[in-house]
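# can't give you the sequence, but here's the structure:
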């Protein structure tokens, strides 16, 4: 009588394993898609005539002294401290604020909503979640418990738990 139960249990184990494999593959594909979107935007920007690494961005203004000057970014790519507003920097700012408020962490939906509201309304979960995953799993710059992301606690020496991790860059 236990043979049918054993076959069912074995089949369930196979299904669980396959689901885990497919989830990992889906995560990898989402990450690749996000990276390809970024590459596409960079290629589009640099394929335009007159745009290059050393060329100023088109702002409609000409530098007054004849030298290329960096554009003051009006689309919140820099914060009030002059930090470049990359996605990881945005995440750190959100988590630092949550920590200052005494919160244990912030879930990915709230992180995305805050990024959209404050900096980048066009961002999607497919762009944010792979970055969060990398910051936890690969880089060790964030911690995650359940659905909440939070900053690693500083060690007594003043370094973060993740060796070489920097809160701002």
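Yep, that arrived. Computed from a predicted model, the values in this text were never measured in an experiment.

# residue ranges for the helices of the chain, please.
For the chain, the helices defined by DSSP state H occupy 2-46, 87-100, 108-118, 125-133.

# Quick one: list the elements packing against the first one.
Counting contacts by 3 or more C-beta pairs under 8 Å, 6 or more residues apart in numbering; DSSP states H and E, helix 2-46 packs against helix 125-133. All C-beta atoms are positioned from the backbone trio N, CA, C, and that covers glycine.

# buried ones in the helix it packs on?
Buried residues in helix 125-133, defined by neighbour count with 16 or more other C-beta atoms under 10 Å: 127-133.

# which residues are contacting it?
Taking C-beta atoms under 8 Å, 6 or more residues apart in numbering as the criterion, the residues outside helix 125-133 that touch it are 27, 30-31, 33-34, 37, 87-88, 91, 108-109, 111-112, 115, 142, 144, 149.

# how about low-confidence regions in the protein?
Segments of the chain classed as low confidence (criterion: pLDDT under 70) are 1, 48-84, 155-169.

# Try it again at 90.
Within the chain, the stretches falling below the threshold (pLDDT under 90) are 1-2, 23-24, 26-89, 119-129, 131, 137-141, 152-169.

# Distance across stretch 134-145, terminal residue to terminal residue?
Taking C-alpha to C-alpha, to the nearest Å as the measure, stretch 134-145 stretches 15 Å from start to finish.

# Stretch 115-124 too?
By C-alpha to C-alpha, the extent of stretch 115-124 from end to end equals 10 Å.

# Put together JSON lines for the buried residues of helix 125-133, with distance to residue 153 on each row.
Shown next, in JSON lines, are the buried residues of helix 125-133 (distance: C-beta to C-beta, whole Å):
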{"residue": "127", "distance to residue 153": "28"}
{"residue": "128", "distance to residue 153": "24"}
{"residue": "129", "distance to residue 153": "24"}
{"residue": "130", "distance to residue 153": "25"}
{"residue": "131", "distance to residue 153": "22"}
{"residue": "132", "distance to residue 153": "18"}
{"residue": "133", "distance to residue 153": "21"}
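
# now, which of those sits nearest residue 9?
Checking the buried residues of helix 125-133 against residue 9 by C-beta to C-beta gives residue 133 as the nearest, at 31.2 Å.

# Touching stretch 11-18 from outside, list them.
With C-beta under 8 Å, 6+ apart as the criterion, stretch 11-18 contacts nothing outside itself.

# picking up where we left off before, now a PyMOL select for only the buried ones of the contacts of helix 125-133.
Buried members of the contacts of helix 125-133, defined by 16+ other C-beta under 10 Å, are picked up in PyMOL with:
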select buried, resi 30+31+34+87+88+91+108+111+112+115+142+144+149
